[in-house]
Every structure is written in C-alpha cells, then in structure tokens.
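give the three-dimensional model of this entry:
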Amino acid sequence: MGIQGLLPFVNSVTQSIHLSEFSDCVLAIDASSWLHRGAFSCGKELSSGSLNFLKYPLRMVQLLQRHGVRPLLVFDGGPLPVKSTQNRLRREQRTRRESADWGAHHGTADGTALLEQGRAEEAQRLLRKAVAVTPAMSHRLVEELRARGVEFIVAPYEADAQLTHLVQVNFSLRQLQQMPGLFTRLGRLAESLPLERRA
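Next up is the predicted model:
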C-alpha cells in the first residue's frame, strides 16, 4: 500500500539522474514490488500456473546490470505482528474479489466470466485486484536469481525496514521502491530515473 499524497510531497526534492550514474554501486530493491508488477501484467495467466510474472523482475535486474548496477533484491520475511489485522483484511478483500459471489454482489460478473464475454479490459482490471504475491512466487524468483548469480536477502519482517537499514549502514547506495509516478517507468527507461542524489 502506498502513502497517499507522498508523490506531490517529495516531487520538489527529486531530480532526474541517468541510471549509469549508479554504475559500480549496489541498489537495494523491494522484491515484492517487482513481483506485484509482474503479477499484475498477467493476472489471468497466474490462475493457470504461468511463470510470466517473473518477466518483469528479471527484466529489471537485467536493465540494472546492463548499466553496471549491482542489484540486491530484498524479500519480505515473516508477517509483522502489528499489521496482523490489516493483513487479514487485505486477504479477505482479495478472496472476495476472486469469488463469483463478489462479482454478482457488485452487479458484474467475475473476471473469468468477463473474459468469456470478450470483455478483456474489464476482466483484467478485476483479476488484477485479486492478485496476491505468494510465497511460492517469491521462491520461484529466488531460484531464478540464484541461477543468474544475483544477490538477494530475506528480511526478518518487511523489506522496507531492511532496505532503509542497508542504506543507513552504507551497504547500499540507494533503495528503489515502486512509488506510482516516481519510479514506475523503469521498464521503459530511456535516459533518466527520478531519484534523489545522495551527498
């Protein structure tokens, strides 16, 4: 979940920096954010066991490496006890969205039914809302990273705190997180990234 109003708040202190300026540096990345992006791009296919959700994070790793950046993917660890109620509510919402009852209750068919009716765009929107990154998906990405020699760690709880720690102890020059509008176009990156430069 993002922080509402964050982008306008930080916009005045960001600047465009070419990715190559981070050459020979370690960038710590929240692996879940990349897994979510990958999963959103193939919502329907996930239900059939597709591994297409790996395309996005692996493409981003390759992009960083092509510019001489050493990616360090940080995975979420155990659930944070203080967020147990919030996590339970999110799971319940996803479950409702996945069920046909949810679609019927809201005056529309579920995503699969919409696809059968040829309403692909509406179906994809609905299916995306039901997407959840599972431990099995994270494990599959870990296997791919191992096979490619890409570094990763699993945080004790949530990746956010571990990312911040890595930057504070100067292990990582910077952390990259998916913030809508601030860092969402990495896949189509041509010349610059809106990141702040660390003095």
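
can you tell me the element the spatially most central residue of the chain falls in?
By Cα atoms, centre = their mean, the mean C-alpha position of the chain lies nearest to residue 33, the distance being 1.5 Å. Element membership for residue 33 (DSSP states H and E) is helix 31-40.

tell me where the model's unsure across the protein.
Confidence mapping of the chain against pLDDT under 70 gives the ranges 1-3, 7, 43-44, 47, 94, 97-111, 127-130, 172-199.

quick one: contacts for residue 114?
108, 120, 122, 123, 126 (Cβ atoms under 8 Å, 6 or more residues apart in numbering). Where C-beta positions appear, they are placed from N, C-alpha and C, glycine not excepted.

circling back: roughly how far is the helix holding residue 33 from the heart of the chain?
Centroid displacement of helix 31-40 relative to its chain, using Cα atoms, centre = their mean, to the nearest Å, is 3 Å.

name the helices or strands packed onto it?
helix 55-66, strand 70-75, helix 135-148 (3 or more Cβ pairs under 8 Å, 6 or more residues apart in numbering; DSSP states H and E).

helices of the protein, residue ranges please.
Using DSSP state H, the helices of the chain run over 6-11, 31-40, 43-46, 55-66, 84-98, 100-105, 111-116, 120-129, 135-148, 159-168.

next, format these as a markdown table and append distance to residue 72.
Shown next, in a markdown table, are the helices of the chain (distance: least, Cβ to Cβ, whole Å):
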| stretch | distance to residue 72 |
| --- | --- |
| helix 6-11 | 23 |
| helix 31-40 | 10 |
| helix 43-46 | 26 |
| helix 55-66 | 10 |
| helix 84-98 | 25 |
| helix 100-105 | 38 |
| helix 111-116 | 35 |
| helix 120-129 | 28 |
| helix 135-148 | 10 |
| helix 159-168 | 7 |
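
stretch 147-165: end-to-end distance?
Taking Cα to Cα, to the nearest Å, the first and last residues of stretch 147-165 lie 27 Å apart.

start the count at 398 instead of 1 going forward.
New numbering, starting at 398: the last item is stretch 544-562.

what lies in contact with that stretch?
In contact with stretch 544-562 (Cβ under 8 Å, 6+ apart) are residues 425-429, 455, 458, 467-477, 539, 542, 569, 572, 574.
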